[in-house]
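Enquirer: Return atomic coordinates for the entry below.
(chains A and B)
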There are 2 protein chains.
Amino acid sequence: MTTDNSLEKTSLGTRKISRRDVLKTAGIGGIGALIGASGVGGLLSMTENKASGSGKEDMVPFYGKHQAGIVTKPQDHVYFAALDVTASEKTTLIKLFKEWTEAAAFMTTGKPIGELTSNEFLPPKDTGEAAGLSASNLTITFGAGPSLFVKNGEDRFGLKHKQPQELVDLPKFPLDALEKEWTGGDLCIQACADDPQVAFHAVRNLIRIARGKAILRWAQPGFQRTKQADAKEGTPRNLFGFKDGTVNPDVKDEQQLNKQVWVQPGDGPNWLTGGSYLVVRRIQMFIEVWDRTNLREQENTFGRYRDSGAPLGQKGEFDQLDLKNKKENGDYFIPVDSHVRLSHGDGTQKILRRAYSYSNGMDLKTGSFDAGLLFLCFQRTPSKQFIPIQQRLAKMDKLNEYTSHRGSAIFACFPGTKQGGYIGETLFK
Amino acid sequence: MTTDNSLEKTSLGTRKISRRDVLKTAGIGGIGALIGASGVGGLLSMTENKASGSGKEDMVPFYGKHQAGIVTKPQDHVYFAALDVTASEKTTLIKLFKEWTEAAAFMTTGKPIGELTSNEFLPPKDTGEAAGLSASNLTITFGAGPSLFVKNGEDRFGLKHKQPQELVDLPKFPLDALEKEWTGGDLCIQACADDPQVAFHAVRNLIRIARGKAILRWAQPGFQRTKQADAKEGTPRNLFGFKDGTVNPDVKDEQQLNKQVWVQPGDGPNWLTGGSYLVVRRIQMFIEVWDRTNLREQENTFGRYRDSGAPLGQKGEFDQLDLKNKKENGDYFIPVDSHVRLSHGDGTQKILRRAYSYSNGMDLKTGSFDAGLLFLCFQRTPSKQFIPIQQRLAKMDKLNEYTSHRGSAIFACFPGTKQGGYIGETLFK
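Expert: Below you'll find the predicted structure:
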């Protein structure tokens, strides 16, 4: 979607307002129609967010049964932030989530947050760097980590009894090389957009709103390539040059999503029904080492061909994995220690992967590229999904020679909310 | 430009070959037509690179009188790398630049580098993560720093007599807070593309080729937003929410470019004629502090209105700066310590700015965002352009309260080369 400043009708018959429109409305001298937060919101009809993104328009509805940014078609960029809460009262948390919800809903429609300052002696409500940019399919997804419930043995906000059994720190996996600066968090914000400036703008403004209530703990931007030379959308390649994310639950299959992604009634505390668990792993990739490895070894490591993405011994990227397929010499085509075989296991554990590559520059300690994968995955039950998969991988995945897990966190991502409600309401009320 | 795998004619009548095509040609088993580096190159007609990008196709020619990536319309992403040379022989340097030139020319056409491995027992020639992606307007620009000529008093490669007078470390400016890890470099590579994965891929493969000859010294990815909500291309906003880069030389005006950007015959050693000096400053922006500053202060700091980008007291972004314009109370509309007034000076010093924003995540030392501006600018004579401008700014720019220069480097970017030649040839031969 692109808008100009003329009146334009959406399919819903309401006027679309871009960030630029609102900045213009306020005028250079800050005079003009003052559009309050609720006023602008009222002009927009919000519908339930759609499972697979927003179609032709580049706007993903914020409100809905589930939070957007989980089964939404992955955007080109992510800005991921983990936060620590500094407030000590539950009422302050509620205030924060109400403000966040309102601001997030605004930003995902391509508008600046809050009312514009009519007073040049106040800081602008919106930081402004996304003015004039489209919504860029922005989604903002919020989650709560185990430490929001209990930290150092303390029931911080009287929420201990609501902590899901599944929401506990991940077990230490063999070969984990976690660093404190990339691990944990009381809360998380995952902002995804097709424009990195829109994603950054979202997190920055939410952190700003949180001032005095929560602070940044760690943050990582990421990207993925979605624009193919042949204009077809294919599975993106990771920084090892291999397609990553081939086997993912079908986001159009509600039954599959209910089985694998969305927390169901009876799974645990009711407040999380319709939500999902997010596991984040910041995985450094030793790309210089990888780049000195021969193609056969690379393909045996993944268990797939580099070019086509097909399982070894098979033809097409989406061919059903044939783990029993043997070569003439009796060896499996797909080696026993290959990533794809170990990830697959018996095929019963699946996760919805939504990973992004990152490249921060140089790793000052080693002089190598500080690059890798910001692995993000959603699931209904971590103890039956990510954890057993990662236990197999950590034990014998050939890929471990080329990667190192430097960061880790788990969050319970709240269910969605309707207009008038706020994210987190089911937990805090 | 997007290509599919069918034969397609360009305006030049030659077949366009995407990275995917070439990967496919090699086949899963590595069998198939082996297309050598020169073979593929021969299929492509290379013309002089155009001043303003590649028009409708997303390919910017590599060969030309000048290097691409200087007056090329800025792409959405940059991956900038500074390198140190570890080789000790000039012949090794020549070999490196020949290999770099060949690889860069390939990559900028959307193709993988070098011939494909037909041998699965060798590492693939191309690291593969850009397979299937279009050229994405990739440009690769090479430069040489002062330390390539003389380091610790040593004439390392017998090039001392060729060091331009202008190619010396920048003077220390007041308030500089430079850190070694973001400063200097014997060589630089600026890779710009509309896809961050394409830009990263380019630098990664060039660093890989340099193995044993040069190593990474520092690197910084960056982005800018070019997709406006109203589909018009406007001046991008920096992370302070202000338009940045309004006053830039007209890249279509050859006369202006010869005056301000391209090194001219007689300026210094002949080898740099047709090249340009690149000054890089990694400028951290204290966005949390900025965000607590009122709008009037923000606008007085820049000397422009935030919304429109117009100079204070004027109407349009591109209005000629009126520095004498006074308010009723006798004060200048554009304050004496504002960024725009100090940058402008007497209007005789101009630089071609090509800056990108960066956001690396969190600054571990402060807990704030590690975000700012990767300021890149090109010019004919640093001592008459960037240096006097920055001396004025460093002394009294109001913006200094909100920024800190953490990194700095200067490079002489070579002139372009024709097919068959190599970048750096004029210096090394």
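Enquirer: Give me the pLDDT value at the residue in the stretch 151-300 of chain A that chain B sits nearest to.
Expert: Here the stretch 151-300 of chain A gets closest to chain B at one residue, A:Gly241, 2.4 Å apart by C-beta to the nearest C-beta. C-beta here means a position set from N, CA and C on the backbone, and glycine is covered the same way. The score at A:Gly241 is 94. That number is its pLDDT.
Enquirer: Would you mind listing what in the stretch 251-400 of chain A touches chain B?
Expert: Contact residues (C-beta under 8 Å from any C-beta of the partner chain) of the stretch 251-400 of chain A with chain B: A:287-288, A:291-296, A:298-299, A:305-308, A:310, A:357, A:359-362, A:364, A:367-369, A:371.
Enquirer: if we go to 6 Å?
Expert: Residues of the stretch 251-400 of chain A lying close to chain B by C-beta under 6 Å from any C-beta of the partner chain are A:291-296, A:305-307, A:359-362, A:364.
Enquirer: Return the list of helices and strands in contact with the longest helix seen in chain A.
Expert: If you go by DSSP state H, chain A has its longest helix at helix A:90-107. Secondary-structure packing of helix A:90-107 (3 or more C-beta pairs under 6 Å, 6 or more residues apart in numbering or on different chains; DSSP states H and E): helix A:196-209.
Enquirer: Other residues contacting the helix it packs on?
Expert: A:77, A:79, A:81, A:99-100, A:103, A:107, A:113, A:127, A:129-130, A:133, A:136, A:138, A:140, A:189, A:191, A:193, A:216, B:223, B:225, B:291, B:359 (C-beta atoms under 6 Å, 6 or more residues apart in numbering or on different chains).
Enquirer: Could you identify the helix or strand that succeeds it?
Expert: From helix A:196-209 onward toward the C-terminus, using DSSP states H and E, the following helix or strand is strand A:214-223.
Enquirer: ok, now which ones touch A:Pro388?
Expert: Neighbour list for A:Pro388: A:Gln349 [criterion: C-beta under 6 Å, 6+ apart].
Enquirer: coming back round to it: quick one: list the elements packing against the helix or strand just after the longest helix of chain A.
Expert: Once the chain leaves helix A:90-107, the next helix or strand it forms, by DSSP H and E, is strand A:139-144. Where contact means 3+ C-beta pairs under 6 Å, 6+ apart, strand A:139-144 is packed against strand A:187-193, strand A:403-413.
Enquirer: Most tightly packed of these?
Expert: strand A:187-193 (a mean of 27; mean count of other C-beta atoms under 10 Å in any protein chain shown).
Enquirer: Please see if it touches chain B.
Expert: No. Strand A:187-193 is not in contact with chain B by C-beta under 6 Å from any C-beta; minimum separation 10.2 Å.
Enquirer: Give the ChimeraX command for selecting the buried subset of the contacts of helix A:196-209.
Expert: The ChimeraX selection below is limited to those of the contacts of helix A:196-209 classed as buried (16 or more other C-beta atoms under 10 Å in any protein chain shown):
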select /A:77,79,81,99,100,103,107,113,127,129,130,133,136,138,140,189,191,193,216 /B:223,225,291,359
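Enquirer: With B:Trp262 as the reference, name the closest of the helices and strands packed on strand A:139-144.
Expert: When the helices and strands packed on strand A:139-144 are compared for distance to B:Trp262 using C-beta to C-beta, the nearest one is strand A:187-193, at 37.6 Å.
Enquirer: Quick one: distance of that closest one to the chain centre.
Expert: 6 Å (C-alpha atoms, centre = their mean, to the nearest Å).
Enquirer: which outside residues touch that strand?
Expert: Strand A:187-193 is contacted from outside by A:69, A:75, A:77-83, A:136-141, A:143-144, A:199, A:202-203, A:206, A:411, using C-beta under 6 Å, 6+ apart.
Enquirer: on that earlier part again, can you lay out the residues of the stretch 251-400 of chain A next to chain B as TSV showing pLDDT?
Expert: Formatted as TSV, these follow (pLDDT from 0 to 100):
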residue	pLDDT
A:Asp291	95
A:Arg292	95
A:Thr293	96
A:Asn294	95
A:Leu295	95
A:Arg296	95
A:Tyr305	94
A:Arg306	92
A:Asp307	89
A:Ser359	95
A:Asn360	92
A:Gly361	94
A:Met362	95
A:Leu364	88
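Enquirer: For A:Gly309, grab the count of nearby residues.
Expert: Number of residues near A:Gly309 (other C-beta atoms under 10 Å in any protein chain shown) recorded here: 20.
Enquirer: what's the answer for A:Ser357, then?
Expert: Quick note: A:Ser357 (other C-beta under 10 Å) scores 24 neighbours.
Enquirer: give me the element it is part of.
Expert: Assigning secondary structure by DSSP H and E places A:Ser357 in strand A:356-362.
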